[in-house]
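Engineer: Output the structure for:
(one chain, ligands or ions: 1)
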Amino acid sequence: MVLNDLGRKINSALASLAHKPAIDAEALDAMLKDLCRALLEADVNVKLVGALRTNIKNLVNLDELASAPVASQRRLVQRAVFDELVRLVDPSGGAATDRWQPVKGKPNVIMFVGLQGSGKTTSCTKLAYYYAKKGFKTAMVCTDTFRAGAFDQLKQNATKAKIPYYGSYTETDPVQIAVDGVARFKKDKFELIIIDTSGCHVTEAELFGEMTSIADVVQPDNIIFVMDGTIGQSAEIQARNFKNAVNVGSIVMTKMDGHAKGGGAISAVAATGSPIIFIGTGEHMQDLERFDARGFISKMMGMGDIGGLVEKLQDLKLENKDFIKHMEQGVYTMRDFREQLTNMMSLGPMSKIMSMMPGMPADLLGAGGDEMGTKRMRKMLAVMDSMTDAELDSDGQVFKDQPTRVERLARGAGSPLVEVQMLLQMHAQFAGMVKKMGGKNGWMTQMKQMQ
Ligand code: GDP
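Structural biologist: Numbering: from 1, shown residues only. All right, here's what the predicted structure looks like:
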């Protein structure tokens, strides 16, 4: 999960207010001290932390607050903290997040730049896979003639993601390869052509020289700078250097899967005004998330990321057409549960999907994490395959009064009774959340309005 440690600390700072009979200056200061410490530990720049503290103090007017009920006081402080954390990772308030998007029906040429090891080639493949799933005709070009094996790596990644690619073992001029690759894919009416460049040179000047030559000749629609999020706040200087060398349009921040310094890197880069468009959250090709400040902070604080979840759901080829409609209405049948479990594999690892759901307990998968979760999921599907259509279309309550039916299901699927009971419990838990999420006043509507 992204930055769950920082999220936990922030939540625990906020939770300290729950025991106070009223929120006064002393209580607010104590909470802010814990909050700031957590941010500094995540390598957020001390000046940015200072500004966040001042802003929250300005937003929370203690005099006005004094007459309000303590629950409203708490909500106001929580809201101020949330908003300021969002501002920390997106100071432009969404202006910078009017991000680049490829346009269908024309060739969008994208160039990836970044230092060696930052996750450039991996991110090229992830982006290609992301847009291929959205119906774009996508291809990749490898111009890295510097590092032996670079073309093989891209070839391997592209083959796995079923993305056409271009490169050369004999041509030594990266500019020529870029020109040839782009021309070939333009001729074949590709809509997204991703150029991977070298990130390895003896000097930075040489690296920047090569990047500029390719950019000058190919004239890409966007230059994406890939940054390693584990370097923390020193990301700022790197972002500035690259921006000065080439016209960086957007940023992909990699290795955000649970690294302690990720928050520092994101906030430092956000402060330079370069829009972060995606974050890398793992080594697999589906581990790429569109960066959205509200969704990011919301998820970090265990409040779910409905926008992200809906986007993932929309990419699926759902058999059960009612699924998304049901989610929006706050209805969650057994069939919806089965649909969701069936699709988990293509959505990505269980833990990532879970983190997008508001209120989802972090330890739901139990010891063993994703692998264990996948095994349990298969067993649960076997149980649901033994259900009747009426049972699948029900809200699960039918099993409550029928212990013998539950026993029969367990026998039929060859599962211990306790596992079937757990499945029903899990469904009930999801159904409760979906109920809260859906409907006019539900989470989903509120989040959509907020985002
Ligand atoms: P390049 O030299 O910039 O092209 O970097 P690569 O794409 O070869 O990636 C370097 C290493 O970082 C590889 O081991 C990747 O699997 C790993 N990597 C890339 N992105 C991520 C990410 O988002 N999370 C994690 N954990 N590892 C990543």
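
Engineer: make it CA atoms for all contacts and neighbour counts henceforth
Structural biologist: Will do.

Engineer: Point out where the chain drops to low pLDDT.
Structural biologist: Across the chain, the ranges flagged by pLDDT under 70 are 1-4, 94-98, 258, 304-307, 309-321, 343-374, 437-451.

Engineer: quick check: domain ranges of it?
Structural biologist: What automatic domain parsing lists as the domains of the chain is 4-89, 108-300, 306-450.

Engineer: most packed of those?
Structural biologist: Comparing the domains of the chain on average neighbours per residue, with mean count of other C-alpha atoms under 10 Å, the densest one is domain 108-300 at a mean of 20.

Engineer: coming back round to it: could I get the domains of the chain as CSV with distance to residue 101?
Structural biologist: Putting the domains of the chain into CSV (distance: least, C-alpha to C-alpha, whole Å) gives the following:
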stretch, distance to residue 101
domain 4-89, 20
domain 108-300, 9
domain 306-450, 15
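
Engineer: I'd like these as JSON lines, with distance to the ligand appended.
Structural biologist: What follows is those, written out as JSON lines (distance: least, C-alpha to the nearest ligand atom, whole Å):
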{"stretch": "domain 4-89", "distance to the ligand": "15"}
{"stretch": "domain 108-300", "distance to the ligand": "3"}
{"stretch": "domain 306-450", "distance to the ligand": "13"}
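
Engineer: mind checking which of the ones you listed is nearest residue 99?
Structural biologist: Nearest of the domains of the chain to residue 99, taken as C-alpha to C-alpha: domain 108-300 at 6.5 Å.

Engineer: Next, the distance between the ends of the closest one.
Structural biologist: End-to-end distance for domain 108-300, by C-alpha to C-alpha, to the nearest Å: 33 Å.

Engineer: what distance separates it from the middle of the whole chain?
Structural biologist: Distance of domain 108-300 from the chain centroid (C-alpha atoms, centre = their mean, to the nearest Å) equals 17 Å.

Engineer: Ok, stretch 72-85 next?
Structural biologist: Using C-alpha atoms, centre = their mean, the offset of stretch 72-85 from its chain centre is 23 Å.

Engineer: swap in stretch 322-338?
Structural biologist: Mean C-alpha position of stretch 322-338 versus that of the full chain (C-alpha atoms, centre = their mean) differs by 23 Å.

Engineer: distance between the ends of it?
Structural biologist: Span of stretch 322-338 from end to end, C-alpha to C-alpha: 13 Å.

Engineer: Which strands and helices lie in contact with the strand or helix carrying residue 215?
Structural biologist: Using DSSP states H and E, residue 215 sits in helix 204-218. When contacts are defined as 3 or more C-alpha pairs under 8 Å, 6 or more residues apart in numbering; DSSP states H and E, helix 204-218 packs onto helix 174-187, helix 235-245.

Engineer: How about residues contacting that helix?
Structural biologist: Residues from elsewhere that reach helix 204-218 (C-alpha atoms under 8 Å, 6 or more residues apart in numbering): 111, 113, 174-175, 178-179, 182, 197-201, 242, 245-246.

Engineer: Having no further points to raise, I will conclude here.
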